[in-house]
Structure formats: structure tokens, C-alpha cells
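In: this one's structure only:
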């Protein structure tokens, strides 16, 4: 059993923590900071990707901590030495092309990340701070303003997933960069809703919502005020990260432990396999190219398959994967359709990253039992980069379309028309299947036939399977009528052909495969800390 060491006593400041490893004789302090990667764009293709990094006080031991494909920023340290930060993701298009900014917590070595505030409140949540009385306060908004300002909201540090409450309303103005004071009040910048006045620094009493003006220069915006005062030093933590190990492990106790309203929606045995998908960063040089929009339609981040493994009867799995790599996990039903998919996850070098279930309530403890998958060796899903295959519309999907779809969907057949008298053009076929939105509307998310990242709700999948493949948690889509292939056509797809179509959609419905669009840097290597 490793011995837990205590961190040195001493002064502390936001972003610095006591840190140590079992192999080291003494603990050390480290600083957490945000780094912009000019070589990679975020998932939206709009700016350089940002991630959390750390180093010792002397600038040595520089490490990357988070491996989200878009941006992680606004870190603050909590009383237990965990980092609270904002994370921007657009893993699929459920929240439109702009995605969602949530709050997550993570250890100071990049391990054991977990949702902090995700679904509650407004779509954008950032600029968090924590108070001495156990509250996390942050800025939230439904749309991004030029300065990032919004309303204030808060959650309890003890139960962040179930304690959300709004702290201010529209009548109170717009707020920016809250910062805690020793007495539990908040320093915060505030401006009027109409933008007529600049930001001024106020002291906010949370219980009464009373604002006291601290400083205002009406000619300038005054933001990011911080108090210089002693504060308690967070607890130290040990780390099991081993930098020279290029692999790590991911495991789950029970994929049927979920946040679904009704457990009968996904009973044991529903999920048959686990698909593991690698996400790749966009290249900076592709900011204005077809990578972000292909044939006029928004594209998800490039993806490649690491493989698929069976899920144990008790809902567990245990896999070995490349460390420091953005991954998406997809639960598959008996026909290979993704039931549920997670956001970007990763594991650090030599670390065992685990979860209780699939989108489970993180504030509930799991049942006490030894799951089947943990009694067996981890299944390795670490193929060399050159063997990690993506899905390409022209290479993988067009042969199926030409053989099984075009005969009924030519200019004399059923709608939609995929081809005229000439040889089918892949670009035209792709635009029809991704439509009917016009390429002049590049931010359109879901089309009439395809929902990128969600084959089960895509009418194209319903058509080839002959039924609505949506699930009860898909809302109104689950009650819509499917349009099967008319039996008099005498056309049916093989299991392999249907698998190609649903896998292509579940991996993002891209026109070009990841081989054509991803950075030549493999899986964010280089200065990633591998």
C-alpha cells in the first residue's frame, strides 16, 4: 500500500498546489496554466486549441494535463487540491455547432476528471471561483458575448451535480471574473445589460445580493480583481503517473448505471460491445479549408477507430489504450448502432482511469462487488497509428450507395434523387444525404436524413433497418414514423452494408476520412508528455 505523504506547509496562491510521487523523496509545488496550441485548431475551427498544463515553480517538469480536442481554460484550485476548470466541447451536434461549455474537476496531474456542472443552468459556464464557505460561483450565459460576461450562478462543493442555483438575474446586470474574498463575499466585475457603461469592480454579498462599488474608471473596463490575502493551503496529493509508459487503462464497473429517468429503457444485456474512437486535432493550416465544413456542412473532429471489445454480462469492461489521447467511448447494441456516447476522455501514462457507469450520477456510490472485467487482463486497443482506420464517404459509403440506393433514387425514382443519368457524383450524393439544408447555411446541425454522431436517430438508418432505431431517451424522435425500403423493390442490405452506414454516421458522417484531414502529428504527441 503506498504511503501518502503530506505536503510542505507554506504560503499558497491560486493555481499552485503541493504535489508528489511515491518514487520521490520530497513533495514539490507546481503551477497550473493554460497553453494555446498554435499547431491545432479547436473542434469548431475558430481558434487555437487550449489545454491545461503544469510545471514546477522553477519551470521544470512541464506536463500537459487535459486532452479535450477543443479548449480547457479558467482553472482554479479547490480546497482538496483538485482543479475546477471550464471545458468547451462539441463532441456531437446535440447542442448545435457551437457546443457547450461546462465545468469539470480534475486532479493536478490530469487524472480522475469528472463532471462538476454540466446540464444545469445555461449553455455556457466558465470563470469559476470557490468560497471559504463551500460554494463554487461562476459566470453563465446562453450565448457568448464579446467579453464573456453573463449571470452568476453557484453550486455546493459538496454536491455540485445537484445543488445548482442562479445567483443573479437580468435586472442585476452582466458579470465577469468573480473572485472569492476571505469572508465569503465575492469580488466581481459588473456592467449594465445595455452596454452603456464599462465594467466596474463590486463586492457582492451572496445572501442579500447587495452590491458595493469598490472601483470604477468609467473610461475603461475594470475586470479580474483579486484580493491579496493569506489563505489555507489545499491538501497535497500523490500521483501514480509514470511518464515513460505510453499506455494507460480505462475501465467501467457497469454501463447500465446511468442517468436515464427509467432503468427499463436500457436493461442489462442491451449493450453488446464497446467501440473506442480516437479523436484527432484539427490542423492550424486548415482553419479556412474544407476540414471545418465539407461540401458546405459542419464536420465533427476527425475520428479513427481503435477497436471494439465485448461488454461483460455484468456491464463491465477493462481496456488498455494509448495514454494522453482524446477518446470517445460508444456503447453498441446488437446491430452495431451506438446507444450512448461519452464526451472526450483520456487516461494518463500508466494510470487506471475508471468510471462507475455510463453517464451515471457521480454523487452516488456504486454497489460493492468485484466486476467480471476486472478479474481478467485488460484488452489492449493500442494499434499503431498507421492501422487506425477512419470512415471515408467516398471509399466506404459510396460503394453501398451505388449498389443499393441509386437504383431506386435516380431521377426517375423515389425522393431524394441521388443520381441522374450520369455516373453518381460523390460530392452531390453527400450533399443530398447531409441535406436538405443549403450549403449557404454552414451552421445547420442535423439534416433530414443524417444526424452526425447519432446513427440511431438518423432517418437513413431507420430506412435501411426498416424501423425507428431511436431510444426512449431520444425524446420526440423515438415516436416518429420510419420509412422502410418498400419490399416490392426487392432490395435489401447485408449486415455488413448496414454496419458501414451506421458506423460512418456514428463516427461523424465525414466526407473525407481522418487520414485526409487530421494533423500529421499522431494523437497529439510531441510535447504531450508521453
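Out: That came through fine. Computed from a predicted model, the values in this text were never measured in an experiment. Numbering: from 1, shown residues only.

In: what's the single longest helix in this structure?
Out: Taking DSSP state H as the criterion, the chain has its longest helix at helix 495-506.

In: give me the element residue 178 is part of.
Out: For residue 178, the host element (DSSP states H and E) is strand 174-180.

In: which SSE is immediately downstream of that strand?
Out: Scanning onward from strand 174-180 (DSSP H and E), the first element met is strand 186-191.

In: ok, and the closest non-adjacent residue to residue 131?
Out: Distance criterion Cβ to Cβ, 6 or more residues apart in numbering; nearest residue to residue 131, sequence neighbours excluded, is residue 180 at 4.6 Å. Backbone N, C-alpha and C define where each C-beta goes, glycine included.

In: state the pLDDT value of that neighbour.
Out: pLDDT for residue 180: 94.

In: ok, it touching residue 130?
Out: Yes. Here residue 180 reaches residue 130: they are 6.2 Å apart, a contact under Cβ atoms under 8 Å.

In: so for these two, which sits in the more crowded spot?
Out: Each of residue 180 and residue 130 has its neighbours counted (other Cβ atoms under 10 Å); residue 180 has more, 22 against 19.

In: mind listing what the more buried one touches?
Out: By Cβ atoms under 8 Å, 6 or more residues apart in numbering, the residues touching residue 180 are 129-132, 137, 186-187, 227.

In: now those as JSON lines including distance to residue 369, pLDDT and secondary structure?
Out: Below are the contacts of residue 180 laid out as JSON lines (distance: Cβ to Cβ, whole Å; pLDDT from 0 to 100; DSSP: H, G, I helix; E, B strand; the rest coil):
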{"residue": "129", "distance to residue 369": "39", "pLDDT": "96", "secondary structure": "strand"}
{"residue": "130", "distance to residue 369": "35", "pLDDT": "95", "secondary structure": "strand"}
{"residue": "131", "distance to residue 369": "38", "pLDDT": "94", "secondary structure": "coil"}
{"residue": "132", "distance to residue 369": "39", "pLDDT": "91", "secondary structure": "coil"}
{"residue": "137", "distance to residue 369": "39", "pLDDT": "97", "secondary structure": "strand"}
{"residue": "186", "distance to residue 369": "44", "pLDDT": "96", "secondary structure": "strand"}
{"residue": "187", "distance to residue 369": "48", "pLDDT": "97", "secondary structure": "strand"}
{"residue": "227", "distance to residue 369": "48", "pLDDT": "92", "secondary structure": "coil"}
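
In: now residue 154: which helix or strand?
Out: strand 151-156.

In: pull out the buried positions in the strand holding residue 178.
Out: 174-180 (16 or more other Cβ atoms under 10 Å).

In: what is the nearest of these to residue 199?
Out: Nearest to residue 199 among the buried residues of strand 174-180: residue 176, at 5.9 Å, using Cβ to Cβ.

In: separation between that closest one and residue 67?
Out: According to Cβ to Cβ, to the nearest Å, residue 176 and residue 67 sit 28 Å apart.

In: element containing the residue nearest the centre of the chain?
Out: Of all residues in the chain, the one closest to the mean position by Cα atoms, centre = their mean is residue 343, 3.5 Å from it. Under DSSP H and E, no helix or strand contains residue 343.

In: tell me the spacing between the nearest residue to residue 484 once chain neighbours are set aside and residue 486.
Out: Leaving out its chain neighbours, the residue that sits closest to residue 484 by Cβ to Cβ, 6+ apart is residue 466, at 3.9 Å. Residue 466 sits 10 Å away from residue 486 when distances are taken as Cβ to Cβ.

In: same check, this time on residue 115
Out: 45 Å.

In: ok, the two, which is more surrounded?
Out: residue 115 (16 against 10).

In: how about the longest helix of the chain: buried residues?
Out: Buried, per 16+ other Cβ under 10 Å, within helix 495-506: 497-498, 500-506.

In: closest one of these to residue 328?
Out: residue 506 (9.6 Å).

In: give me the pLDDT value at the closest one.
Out: 95.

In: could you do the one 10 residues further on as well?
Out: Model confidence at residue 516, given as pLDDT, is 51.

In: can you give me the helices in the stretch 401-530 of the chain?
Out: For the stretch 401-530 of the chain, the helices defined by DSSP state H, counting those that start in this stretch occupy 426-434, 459-465, 495-506, 514-517.

In: next, format these as JSON lines and append distance to residue 56.
Out: Listed next are those as JSON lines, based on distance: least, Cβ to Cβ, whole Å:
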{"stretch": "helix 426-434", "distance to residue 56": "49"}
{"stretch": "helix 459-465", "distance to residue 56": "51"}
{"stretch": "helix 495-506", "distance to residue 56": "42"}
{"stretch": "helix 514-517", "distance to residue 56": "36"}
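
In: how is the protein divided into domains?
Out: 16-238, 241-390, 393-509 (automatic domain parsing).

In: run through the stretch 351-500 of the chain and note the low-pLDDT ranges.
Out: 436-446 (pLDDT under 70).

In: any idea which of the helices of the stretch 401-530 of the chain gets closest to residue 357?
Out: helix 495-506 (20.3 Å).

In: and for that closest one, what's in contact with it?
Out: Residues contacting helix 495-506 (Cβ under 8 Å, 6+ apart): 275, 330, 335-338, 341, 391, 393, 396-397, 400, 403-404, 450-455, 458, 460-461, 464-465, 493, 510.

In: any idea how far the residue nearest to residue 484 is from residue 405?
Out: Counting by Cβ to Cβ - residue 466 and residue 405 are separated by 15 Å.

In: who's more crowded, the two?
Out: Higher neighbour count among residue 466 and residue 405: residue 405, with 27 against 14, using other Cβ under 10 Å.

In: and that one, what does it touch?
Out: So residue 405 contacts residue 418 (Cβ under 8 Å, 6+ apart).

In: what segments of the stretch 251-400 of the chain are helices?
Out: 398-400.

In: listing partners with orientation, what would you give for the strand ranked longest in the chain?
Out: Ranked by residue count under DSSP state E, the longest strand found in the chain is strand 28-41. The sheet places strand 28-41 alongside strand 16-21 (antiparallel), strand 48-56 (antiparallel), strand 282-283 (antiparallel), with pairing taken from DSSP bridges.

In: right, and residue 155 touches residue 163 too?
Out: Yes. With contact defined as Cβ under 8 Å, residue 155 counts as touching residue 163 (4.8 Å).

In: these two - which one has more neighbours?
Out: Taking other Cβ under 10 Å, residue 155 and residue 163 do not tie; residue 155 has more neighbours (24 against 16).

In: now do the strand holding residue 178: distance to the chain's middle.
Out: Mean-position distance between strand 174-180 and its chain equals 25 Å (Cα atoms, centre = their mean, to the nearest Å).

In: check stretch 69-84 too.
Out: On Cα atoms, centre = their mean, the centre of stretch 69-84 falls 15 Å from that of its chain.

In: try stretch 55-74
Out: So, by Cα atoms, centre = their mean, the centroid of stretch 55-74 is 17 Å from its chain's centroid.

In: quick one: contacts for residue 462?
Out: Residue 462 touches 468-470, 482-484, counting by Cβ under 8 Å, 6+ apart.

In: same question, residue 338
Out: 275, 330-332, 454-456, 502, 506.

In: which parts of stretch 178-195 are buried?
Out: 178-181, 185-191.

In: count of neighbours near residue 360?
Out: Residue 360: 19 neighbours (other Cβ under 10 Å).

In: swap in the one 4 residues further on?
Out: Counted with other Cβ under 10 Å, the burial measure for residue 364 works out to 12 neighbours.

In: which residue packs closest to it, ignoring adjacent ones?
Out: residue 356 (7.7 Å).

In: quick check: phi and psi at the one you found.
Out: phi -80, psi -50 (degrees, to the nearest 10).

In: how about it, what does it touch?
Out: 252-254, 257, 362, 364, 366.

In: of the residues you listed, just the buried ones, PyMOL syntax please.
Out: To isolate the buried subset of these in PyMOL, counting by 16+ other Cβ under 10 Å, use the following:
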select buried, resi 252+253+254+257+362
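
In: among the contacts of residue 356, which one sits closest to residue 264?
Out: residue 257 (14.3 Å).
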